[in-house]
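# coords please:
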Amino acid sequence: MTNAVTAGRLAATSPTSPAQARSTWLRMAVLGAVLLALAGIALSWDGWGPRVLLAGIGVLAVVRGATMLRGARTGEVDRSVAVSGAGAVWLGAVLVAVALLSGIATGWVFAAAGVLALPVLAAVSPARRVVALVGSVLVVAAAVALAVLGGTDTLLDAGRLLAALVVGVLGLANLAGAVGLARIARRPAPAPAAGCGGCACGAGGCGSLR
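This next block holds a predicted model:
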């Protein structure tokens, strides 16, 4: 299942065939609609909205992790992907538990995620490390200013708002990618190369007959 983290990349890069697009665009569209719905609930429902958003993110993480683990059991992916899948399941379960715990805990999760996002990006992306580090300093300074001037409630409200906006943007990115993939899916399959009847393609190509 396409997740929110990879939506932008998939939206920008087209699959190599209409068949791949047909197997992907609907999942991206559904994910985009779910993310937009979660963002809308978080923005419109002051009480439980952010908690529903966090729980929804947790459920999506569990589903994604379970899919990765299933692929590892069938041998479709390597061990590192299986480890990532287990981590996604564990993290998703924790997020759901926190969402059920309290609104304050939910706010702290969103605030911490907003502060830590850029440092994590700096750690995993050397090409953008300088920009991410500068952004991290600015975000931390803004968080401290909010906490000092407006109190912790203002900081937590800002974290909830930022999370809803980010999820909404990711939802739109998934929907945009799904539209592009749907257009590719409607294209006819490319004709076989001259001299090829297509009979051996499913067995590995013409070379497999030699």
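# just for this structure, where's the confidence low?
Within the chain, the stretches with pLDDT under 70 are 1-16, 76-77, 189-210.
# report the longest helix in it, please.
Assignment by DSSP state H gives helix 152-185 as the longest helix of the chain.
# buried sites along that one?
155-160, 162-164, 166-178, 180-182, 184-185 (16 or more other Cβ atoms under 10 Å). Glycine gets a C-beta too; all of them are placed from N, C-alpha and C.
# Please apply the same query to stretch 33-46.
34, 35, 36, 37, 38, 39, 40, 41, 42, 43.
# how near is the fourth one to residue 53?
The gap separating residue 37 from residue 53 is 10 Å, by Cβ to Cβ, to the nearest Å.
# go on, the fifth one?
Going from residue 38 to residue 53 by Cβ to Cβ gives 5 Å.
# which neighbours do these two share?
Among the neighbours of residue 38, those also in contact with residue 53 (Cβ atoms under 8 Å, 6 or more residues apart in numbering) are residue 167.
# for the closest residue to residue 186 other than its chain neighbours, what are its contacts?
Closest residue to residue 186 apart from its sequence neighbours, by Cβ to Cβ, 6 or more residues apart in numbering: residue 18 at 7.4 Å. Residues near residue 18 by Cβ under 8 Å, 6+ apart: 184, 185, 186, 187, 188, 189.
# and the gap between the fifth one and residue 94?
Think residue 188. Taking Cβ to Cβ, one finds residue 188 at 47 Å from residue 94.
# Between these two, which is the more surrounded one?
Between residue 188 and residue 94, residue 94 has the larger neighbour count (other Cβ atoms under 10 Å), namely 13 against 6.
# Quick check: closest non-adjacent residue to that one.
In space, residue 94 is closest to residue 58, 7.3 Å off (Cβ to Cβ, 6+ apart).
# Following element in sequence after the helix or strand encompassing the one you found, please.
In this assignment (DSSP states H and E), residue 58 forms part of helix 49-73. Where DSSP H and E defines the elements, the next helix or strand beyond helix 49-73 is helix 79-101.
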